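S.K.: Need the 3D shape of this:
(chains A and B)
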Amino acid sequence: MPISTWLSIPLLLAGAFFFLGGTIGMLRFPDVYTRLHALTKADNLGLGLITGALVLEADGWAVRAKLLLIWILVLAATATLCHIVARAALERGIRPWRRP
Amino acid sequence: MRRALAYGTAWWVLVEGRSDTWVAGIIAAALALGARRLLDRTAAPVPVRIDVPGLLRFVPFFLRESVRGGVDVARRALHRRLPIAPALIPYPLTLRTRPAQIFFVNAVSLAPGMFVAAWTGDVVLVHVLDSGVNVAPRLRALEARIAAMLGEPAIPPWPPGSGPPAPPWR
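M.R.: Numbering: from 1, shown residues only, chains lettered A, B, ... in the order given. As a prediction, this is how the structure comes out:
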C-alpha cells in the first residue's frame, strides 16, 4: 500500500470515532442545547479528519480543492445552524437543562 | 462582477472542472448572486479588510480549537457519568463591526464546549457545556484573534456597570 493509504486509514478511523461520539452525545445529552454541542463539535472534527484522509487519497488537485471547499462550506453551515437552532429554542422559552 | 466570478469559480471547483454542467452552474451562481443581493438589502454591507498574517495565524488556532472541542464533547458523551453542567453565560462583545461579530458568533460554535445561543446588540448569551470552566478569557482571546484577522483596532474592555442583560425567561 502507498504511504498515503497508511496515513489515511487512521484518519478515517478517528473520524468515524468522533462521528460515533457525536451520535452517542446526541442520544445521551438531556436537551436541545447540549445536543447541539455534540452535533456541531464532534461531527465537525469527524468531518475534518475524514476530509483530511480523502485529500490524501484523492487524485489531482481539483478533487482536493473540492473536498476542502466542501469542508469549509459545511463548517460555515453548521456554525450558523447551531446558533439559529439555539436562538429559536430560547425564543420559544425552552429552558436549558441544568444539573439538578 | 467579481462576485459572479467567485461563485462561478466555486461551482467549477465543486464539479472538478467538468464543462458539461455549465447550465446548472450558471443557474446556481445566479441564485447565489440573488441571495446575496437580498441579504445586502436587509443589512447594509460593511467592507471587510482581511489581514493576511492575521488569517494565517487564525487557521492553526482554529484547527487546534476544533480538535479540542471535538475531543472534549466526545469524552463527555462517552463518559459513564455524563460529566456536564450546562449554563448560559452573558458575554459582552468588544468587537464592534458587524462582520467581525458575525464571524465571532460562528467561530464560538466550533470552539470547545460553547456556542452563542442569543445575541442582542453587543452582548451575546453563550451556552456552555461545563459551567466550571471560565470561558470569558477564552472568548476574549478568540475576539483578539478575529480583531487581528479582520484589521479591527483593539477596543478597551466593556465598562463596568453597564451590565449584560438577564436571560429572556427571567
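S.K.: CA atoms for contacts and neighbours, from now on please.
M.R.: Fine.
S.K.: Pass me the low-pLDDT residue ranges in chain B, would you?
M.R.: In the predicted model, chain B carries pLDDT under 70 at residues B:43-45, B:154-170.
S.K.: Spell out the residue ranges of the strands in it.
M.R.: Using DSSP state E, the strands of chain B run over residues B:87-92, B:114-120, B:123-128.
S.K.: Could you pull up the residues touching the nearest residue to B:Glu65 once chain neighbours are set aside?
M.R.: Using C-alpha to C-alpha, 6 or more residues apart in numbering or on different chains and skipping the chain neighbours, the partner closest in space to B:Glu65 is B:Ala111 (5.5 Å). If you count contacts by C-alpha atoms under 8 Å, 6 or more residues apart in numbering or on different chains, B:Ala111 has them with A:Lys41, B:Phe62, B:Glu65, B:Ser66, B:Arg68, B:Gly69.
S.K.: The residues you listed in helices, which ones?
M.R.: Using DSSP state H, B:Phe62, B:Glu65, B:Ser66, B:Arg68, B:Gly69 are the members of the contacts of B:Ala111 that sit in helices.
S.K.: The third one and B:Met114 touch, don't they?
M.R.: Spelled out, that is B:Ser66. No - if you go by C-alpha atoms under 8 Å, B:Ser66 and B:Met114 don't touch, sitting 11.5 Å apart.
S.K.: what about those two, which has more around it?
M.R.: Each of B:Ser66 and B:Met114 has its neighbours counted (other C-alpha atoms under 10 Å in any protein chain shown); B:Met114 has more, 28 against 23.
S.K.: What is the distance between stretch A:84-93 and the centre of its chain?
M.R.: 21 Å (C-alpha atoms, centre = their mean, to the nearest Å).
S.K.: Ok, stretch A:40-52 next?
M.R.: Worked out by C-alpha atoms, centre = their mean, stretch A:40-52 lies 4 Å from the chain centre.
S.K.: Please report the distance of B:Thr94 from chain A.
M.R.: According to C-alpha to the nearest C-alpha, to the nearest Å, B:Thr94 and chain A sit 19 Å apart.
S.K.: Does B:Pro112 touch B:Arg75 like I think?
M.R.: No - B:Pro112 lies out of contact with B:Arg75 (C-alpha under 8 Å); the separation is 11.8 Å.
S.K.: Looking at the two, which one has more neighbours?
M.R.: Under the neighbour definition other C-alpha under 10 Å, B:Pro112 and B:Arg75 were set side by side, and B:Pro112 has more, 24 against 18.
S.K.: hmm, back to that, can you list the strands of chain B in TSV and add distance to chain A?
M.R.: Shown next, in TSV, are those (distance: least, C-alpha to the nearest C-alpha, whole Å):
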stretch	distance to chain A
strand B:87-92	7
strand B:114-120	5
strand B:123-128	7
